[in-house]
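1. Fold the following for me, if possible:
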Amino acid sequence: MRIAVTGHRELDPATTQLVDDAIRERLAQVRADGLAGISCLADGADQVFARAVLDAGGRLVAVVPAAEYRAGLPAEAHAAYDALLAEAAEVRRLEFTKSDPEAHMAASRHLLRHADLLYAVWDGRPARGWGGTADVVREARELGLPVEVIWPDGATR
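-> Numbering: from 1, shown residues only. I've put the predicted structure just below:
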């Protein structure tokens, strides 16, 4: 089972814990020997999902949207990004230099093309900018890719 993730960034600690618990509960229902998680490793949902996949015994596939991607992440997310990237079984680097919405949406499309299922850590609201979670969910649905929305009771943005 190849599961990709899209989701909100800048989650507060309480929401992060709720999301982490919900993802781990879902992953517990998937055979670890066939599990591959596909993530861009951004702060928030991406990193929570990636760590949960590894902890469940799955393979992590990291998709790096652009050469400048890490620099565009918040400084407090760099250590987790570096650690997850180092633990990834496979790293796919797209040929963009600038970390912008175009590169991010291209990376999301790459995730969708290589997944059997999309976990969307999403509050159900429209995207704040092009290429946001809502756009990725819409595109997945247009492709016929199953989407599981994860937004636990009590989660806030």
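
2. Not counting its neighbours along the chain, what's nearest residue 156?
-> Distances taken as CB to CB, 6 or more residues apart in numbering place residue 15 nearest to residue 156, at 5.6 Å, with adjacent residues excluded. All C-beta spots, glycine's among them, are computed from the backbone N, C-alpha and C.

3. Name the residues of the helix or strand that neighbour falls within that come out as buried.
-> Using DSSP states H and E, the element containing residue 15 is helix 13-27. If you call a residue buried by 16 or more other CB atoms under 10 Å, then helix 13-27 has these buried ones: 15, 16, 18, 19, 20, 22, 23, 24, 26, 27.

4. ok, the last one touching residue 56?
-> Yep, that's residue 27 we're talking about. Yes - in this structure residue 27 lies within contact range of residue 56 using CB atoms under 8 Å: 4.6 Å.

5. Give the intersection of the neighbour lists for these two.
-> Here residue 27 and residue 56 share the contacting residues residue 35, scored by CB atoms under 8 Å, 6 or more residues apart in numbering.

6. list the contacts for residue 36?
-> Taking CB under 8 Å, 6+ apart, we find residue 36 in contact with 1, 2, 3, 53, 58, 59, 60, 61, 89.
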